[in-house]
Structures are given as structure tokens and as C-alpha cells.
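Q: quick one, structure for this:
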Amino acid sequence: MPLLVADARQRVHESEESPVAAMKKRPKRLDDAYVMWVFGFLGVHHFYLGNIGFGFAYLFTIGMGGVGWLVDFFRMPVLVRRANTHPPSPFKHLDSAYVLTFPLGFLGLQHFYLGKPGLGLTYLLTFGLVGIGFLADIIRMPFVVREINESIAADQLITVTVDENTENQSVNSNINSLQATNIPYQSPQPPTDLPNEQAKSLLITETSADTINAAAAPPQHHLPEPYGPPPAYQSIVDDNTPEIPRRK
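A: Residues are numbered from 1 along each chain as shown. Next up, the predicted model:
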């Protein structure tokens, strides 16, 4: 009893701070589910576990004629474990399908659970195809559940593949945009279909932008081009200069 009182106080404190977060954070307890199972023929334990569809089905059928209510006593640990799984599994369960099939399968509740509302409505209006479809569902239910789970798995695989392709395309577009920033600046030419005055003003603006870019660029030192070959040696001695005699 002290543990139950302490747990109740903690729940009240969490619900006062954030009711929505407390409901999502708080796991479902097996003992609480069994306590609510006492009135399970009204679907109380399914409402507690978050199975709203099953709760209403039990409420309007008195626990599926009492059969589903008794079966839930034995499969309650499985129901609690599924309720505490986050995110919830999208796959259908064979035991839940059989609970909805027997003994009130002529209402078509099993087909509403399996995601076939059209067939479920047909069963509801024709009392399970005059009982023939209801009896056939008892035999073929494992095959139907497996087929539906395979289609769900295929849809999830397609969704994951599309997400991966989208992510790869976004990465490639980012790489291309980064590469495009490395393209050197090229001055665009003014359009030819503009009047002369607008074309001249546009050309002056682009020329100013080119001048600013050229001024911002680092200076480049150009070495002077080499001159031609040196002139041939010319004697500067005058032919009329007298010859200096040599000493003997």
C-alpha cells in the first residue's frame, strides 16, 4: 500500500506539471490493467491501454459476447507490452484479429481492424455474407494477416527508399552550389534588345563593377620584356689619329 500511495502522488505531481507529457511518459502497468479488466466487458482495460477501437467494440458487444473479455485475461501481459512500445507497431496481430472474428465476426469488425472498411461494411450489412464469409475468415485469417503485414512492410521500405533518395539529392545540390561559388567572375554583356541609353548605362555600371573588382584584386608585378640583342662592337678609334711609335 505505501508503494501504491507514493506512486499515485508522483503521478499526480507529473500530471499537474504537464498532463500531456505525463500521459506519454507514464508506462502502462500490468496490475492496473488487471484491475480494469474486472469491468473489461465494457472495454475499460482497452481504453486504458490506448486501444480506443477495441474499447468501443467491447462496449457495444459486451466484451465480444464475453469471449474476448475472458481471452484478454490470459493475453493481458502481451497487451501491456504492446501498449508500452514506442513508436507503436503498424503491423496487425493474429490474436486480436481472432478475438474480433469469433464469435461476432458476422459484424465485420475484424475487417475494420485489418484496414478493409469496405469489406467490413459488407459483412455488417449482409451478416458476414450470410455466415459463409464469417466461417471462411476463421480458416483463412492467418493468411490474411500475413498478406496485410507484408504490404505494410513493403510500404515502409518504399518510404525509406524515397527518403534516402531525397536526402541524396539535397546533398548533391548542396555540393553543386558550393562548386558553383568557385566559378570566376565574368562580366555579363548588356542585352541587345534594350535602347541605346539603357544599354550604355548598364554597360557603365558593369564597367564600374569590373573596376572595383580589379582594384580589390592583389597587384601583379610584370617584369619588363627583354630588349633586343646588344649592338655589335664598334671601334671608337679614329683612323686619323697618329700612331704612337713603339719602343725598341
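
Q: check what pLDDT Val160 gets.
A: Predicted confidence (pLDDT) at Val160: the value is 72.

Q: next one: the one 4 residues further on
A: pLDDT, the model's per-residue confidence, is 65 for Glu164.

Q: so what secondary structure elements neighbour the helix or strand hosting Leu124?
A: Per DSSP states H and E, Leu124 falls inside helix 117-130. Under the contact criterion of 3 or more Cβ pairs under 8 Å, 6 or more residues apart in numbering; DSSP states H and E, helix 117-130 touches helix 109-113, helix 132-180. (Glycine included, C-beta is placed from N, CA and C.)

Q: and the ones you listed, which one is worst for confidence?
A: helix 132-180 (a mean of 80).

Q: pull the residues that contact the helix holding Leu124.
A: Residues from elsewhere that reach helix 117-130 (Cβ atoms under 8 Å, 6 or more residues apart in numbering): Gly105, Phe106, Leu107, Gly108, Leu109, Gln110, His111, Phe112, Gly133, Phe134, Leu135, Asp137.

Q: neighbours of Val80, how many?
A: 20 (other Cβ atoms under 10 Å).

Q: and it, what is it in contact with?
A: By Cβ under 8 Å, 6+ apart, the residues touching Val80 are Lys28, Arg29, Leu30, Ala33, Leu49.

Q: could you list the buried residues of the helix holding Leu124?
A: By 16 or more other Cβ atoms under 10 Å, the buried positions in helix 117-130 come out as Leu119, Gly120, Tyr123, Gly128, Leu129.

Q: which residues of the protein fall in helices?
A: Under the criterion DSSP state H, the chain carries helices at the ranges 2-17, 19-25, 30-37, 44-49, 52-65, 67-83, 94-101, 109-113, 117-130, 132-180, 196-216.

Q: pipe the contacts of Val80 into CSV and attach distance to Gly43, neighbour count and pLDDT per row.
A: Output for the contacts of Val80, formatted as CSV (distance: Cβ to Cβ, whole Å; neighbours: other Cβ atoms under 10 Å; pLDDT from 0 to 100):
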residue, distance to Gly43, neighbour count, pLDDT
Lys28, 15, 16, 93
Arg29, 18, 13, 93
Leu30, 18, 14, 94
Ala33, 12, 21, 95
Leu49, 10, 21, 95
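
Q: okay if I get those residues as JSON lines plus distance to Arg146?
A: Shown next, in JSON lines, are the contacts of Val80 (distance: Cβ to Cβ, whole Å):
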{"residue": "Lys28", "distance to Arg146": "28"}
{"residue": "Arg29", "distance to Arg146": "32"}
{"residue": "Leu30", "distance to Arg146": "29"}
{"residue": "Ala33", "distance to Arg146": "28"}
{"residue": "Leu49", "distance to Arg146": "24"}
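
Q: find the nearest non-adjacent residue to Gly133, please.
A: Nearest residue to Gly133, sequence neighbours excluded (Cβ to Cβ, 6 or more residues apart in numbering): Tyr123, at 6.2 Å.

Q: next: Met64.
A: Nearest one to Met64, counting by Cβ to Cβ, 6+ apart, is Leu104 at 5.7 Å.

Q: now for the one you found, how many residues are close by?
A: Neighbours of Leu104 (other Cβ under 10 Å): 20.

Q: contacting residues for it?
A: Thr61, Met64, Gly65.

Q: quick one: the nearest residue in space to the first one that is not next to it in sequence and Asp137, what's the gap?
A: What that stands for is Thr61. Among residues not flanking Thr61 along the chain, Leu104 sits closest, at 5.6 Å (Cβ to Cβ, 6+ apart). Computed as Cβ to Cβ, to the nearest Å, the Leu104 to Asp137 distance reads 12 Å.

Q: and Asn51, how far from Leu135?
A: 26 Å.
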